[in-house]
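Trainee: Pasting the sequence and the predicted model now:
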Amino acid sequence: MQKRIKPQLLIESPPFDDPDFIYELKFDGFRALAYLERDSTTLISRNGKDLTGKFPVLNELHNCAEEPCILDGEIIGPCFPPTLQPNAVQYIAFDILIDKPLIERKQMLADVISESPRLVISKYIEEHGQELFRLACAQGLEGIVAKRKNSIYYPGKRSADWIKIRNPKYTRNS
């Protein structure tokens, strides 16, 4: 399995509503691609660094996959460095790298991955970005991400198909 893919990048925007987009929470952690093979898990940062050894509690994510796949997601925990609270570290998967439109990738992600205490699939809503943004800000979260439903995955590229909407009052908790 090729491990030199770079994750898709985002542009910034103010909050908006659009029926052509889905909206997810933006997580504050380490962005990583998870390479789930039959008998191993490899975590690679957006800068190409191997994070597998840094997060040993995530070494069994491949057991949650019905078949080998590459996931895009975020490694999160309530307190970093992860060695302080290794049991709280999770991988939040928000995409699976296949050559299909986003909404089909979301369905494939749900079909291929079984959630566990270590691996969670990011939930999303359709159309109501401004409302989700208000809720995220009220909870003190980093913000949200808007993604065009019919978009393909552009490894290593910025695209108006993926948009981060930041909470201007957010401060990192780590």
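Mentor: All right, it came through fine.

Trainee: Apart from its chain neighbours, what residue comes closest to Leu43?
Mentor: Nearest non-adjacent residue to Leu43, counting by CB to CB, 6 or more residues apart in numbering: Leu51, 4.2 Å away. Placement of C-beta: from N, CA and C, glycine included.

Trainee: give me every residue that touches that neighbour.
Mentor: For Leu51, the contacting residues are Phe30, Ala32, Leu43, Ile44, Ser45, Ile75, by CB atoms under 8 Å, 6 or more residues apart in numbering.

Trainee: ok, the second one - contacts?
Mentor: It stands for Ala32. With contacts defined as CB under 8 Å, 6+ apart, the neighbours of Ala32 are Leu43, Ile44, Ser45, Arg46, Leu51, Gly73, Glu74, Ile75, Tyr91.

Trainee: what's the spacing between the second one and Glu104?
Mentor: Spelled out, it's Ile44. To Glu104, Ile44 is 24 Å away according to CB to CB, to the nearest Å.

Trainee: who has more neighbours, the two?
Mentor: In terms of neighbours (other CB atoms under 10 Å), Ile44 is the more surrounded of Ile44 and Glu104; the figures are 21 against 14.

Trainee: is it true that that one touches Arg31?
Mentor: No. Ile44 lies out of contact with Arg31 (CB atoms under 8 Å); the separation is 10.0 Å.

Trainee: From Ser116, how far out is the closest residue to Ser114 other than its chain neighbours?
Mentor: The shortest distance from Ser114 to any non-neighbouring residue, by CB to CB, 6+ apart, is to Cys64 (4.9 Å). As for Cys64, its distance to Ser116 is 5 Å (criterion: CB to CB).

Trainee: and these two? which has more neighbours close in?
Mentor: Counted by other CB under 10 Å, Cys64 and Ser116 do not tie: Cys64 has more neighbours, with 21 against 13.

Trainee: I'm done for today, thanks for sticking with me.
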